[in-house]
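1. Coordinates for the following, if possible.
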Amino acid sequence: MGYEVLEAPEADVEESAPASRPGPLLRVGIPTPGGKILKAARNAGYSVLFSTNAFMVRDEDGEVISVRKPDPVQFAGLDAALDSAGFVAMSRYRGYPWTIEQYLDLVESWPWAWYASWDQCVEPEIASSKIDVMFRLAETCRLLSEVRMQARDRGLPDPMPVIQGWEVDHYRWSLDHLPLAAWPSLMGVGSMCRRHVHGPNGILAVVEALDRELPAGVGLHLFGVKGDALRFLSDHPRIASVDSMAWDFSARRQHPTGRTAEKRIGVMHDWVRRNAGQLSLPKVPYDLQLFEEPSEEASAELAEWLELVVDNQTDAISAWHHCMRTWVGG
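-> Numbering: from 1, shown residues only. Model (predicted):
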């Protein structure tokens, strides 16, 4: 069950681009679970990605009380995947405001192309210290175990594993600690949206480092990659798919007032044509030098606590508080 790699490479999930399709698959982020924008995307034949946040129903106090299920009429024939909305959860709510049970209720309500495991993003505005980053990486590993276990109890396929990081070595650490019995055929890579293309920890450096570490048959889905980066990744054999909702942010800039659904749809179509065109072009060559020296190692005690989180013997918040009390006092 799930995304286990089979013997034959052609058994990969649908994101593993068939030979007839040039470049990685572009998934268009759709902000609402229904309406004119969704209809336009479906009619255009776009592959899409939804944020879990769009399906959550809240009471007057803002508490999530239920899940809005996809409308089978509006979703008919749609190639749709589901993002756990980790960045939105961390940046807007300081944690997931919905439960894993509610998330899996949504997963269970539609035959998604794939659904992502929960993750803890580590963008600088979210993770304020190296210790915070490391515990978020460990919690991302633990959450894969938790979501997968509850999904299997329901008879659902395994979630797509997601790895996190900000520095290249963070992603290497995540690969080493991800609780996998077998390598998946598709793996999500987070914290891509606000990252530079070039540089020692840029998108290209992360992709090349992962390409070196992963065995054959493991494709990557890059969350939030857009613009200039696409020309450098257009025919990279490791990249199965990318997604972005940048078009909607562009629509807000272009139409700060009077932003109708029709205007947003026009911006969406223009953005898809431009970015899909980038992915269909030959890859722009680049010379990338990767440094093999590891970053500063975590202390032995921190490493022990990180292992406890990864092994699901505690959660990152509890472990972090223990370490802060021990090292800082209070």
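
2. what ranges do the helices span in the stretch 151-300 of the chain?
-> 168-177, 203-213, 229-233, 246-254, 261-280, 300-310 (DSSP state H, counting those that start in this stretch).

3. which residues does V218 contact?
-> By CB atoms under 8 Å, 6 or more residues apart in numbering, the contact list for V218 reads 5, 183-187, 238. Where C-beta positions appear, they are placed from N, C-alpha and C, glycine not excepted.

4. One more: L279?
-> 22-24, 26, 230, 233-234, 242.

5. now swap in P70 and tell me
-> P70 neighbours (CB under 8 Å, 6+ apart): 33, 55, 80, 109-110.

6. Of the residues you listed, grab the buried ones for ChimeraX.
-> Selecting only the buried entries of those in ChimeraX, with 16 or more other CB atoms under 10 Å as the criterion:
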select :33,55,80,110
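
7. Not counting sequence-adjacent ones, nearest residue to Q150?
-> Leaving out its chain neighbours, the residue that sits closest to Q150 by CB to CB, 6 or more residues apart in numbering is I100, at 5.5 Å.

8. tally of neighbours for the one you found?
-> With neighbours defined by other CB atoms under 10 Å, the count for I100 comes to 17.

9. quick one: low-confidence ranges for this protein?
-> The chain contains residues with pLDDT under 70 at 1-22, 286-299, 301, 322, 324-330.

10. give the contact list for the nearest residue to R58 once chain neighbours are set aside.
-> With sequence-adjacent residues excluded and distances taken as CB to CB, 6+ apart, R58 is closest to V64, at 5.6 Å. Residues counted as contacts of V64 (CB under 8 Å, 6+ apart) are 56-58, 97-99, 102.

11. Counting only helices, which of these make the cut?
-> Among the contacts of V64, the members falling in helices (DSSP state H) are Q102.

12. Save the contacts of V64 as a markdown table, and put in distance to E208 too.
-> Listed next are the contacts of V64 as a markdown table, based on distance: CB to CB, whole Å:
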| residue | distance to E208 |
| --- | --- |
| M56 | 37 |
| V57 | 42 |
| R58 | 42 |
| P97 | 36 |
| W98 | 35 |
| T99 | 37 |
| Q102 | 37 |
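
13. Now, of the contacts of V64, which are buried?
-> For the contacts of V64, a burial check counting by 16+ other CB under 10 Å picks out 56, 97-98, 102.

14. which two in those are spaced the farthest apart?
-> Farthest apart among those by CB to CB are P97 and Q102. That separation is 9.4 Å.

15. Now for the two: what residues contact both?
-> Joint contacts of P97 and Q102 (CB under 8 Å, 6+ apart) are 56, 64.

16. picking up where we left off before, list just the nearest of the contacts of L279 to V133.
-> Relative to V133, the closest of the contacts of L279 is V242; by CB to CB it sits at 23.8 Å.

17. looking at the sheet around the closest one, what are its partners?
-> L26, L222 (DSSP bridges).

18. Go ahead and confirm it touches P24.
-> Yes - the criterion here is CB atoms under 8 Å, and V242 meets it with P24 at 5.6 Å.
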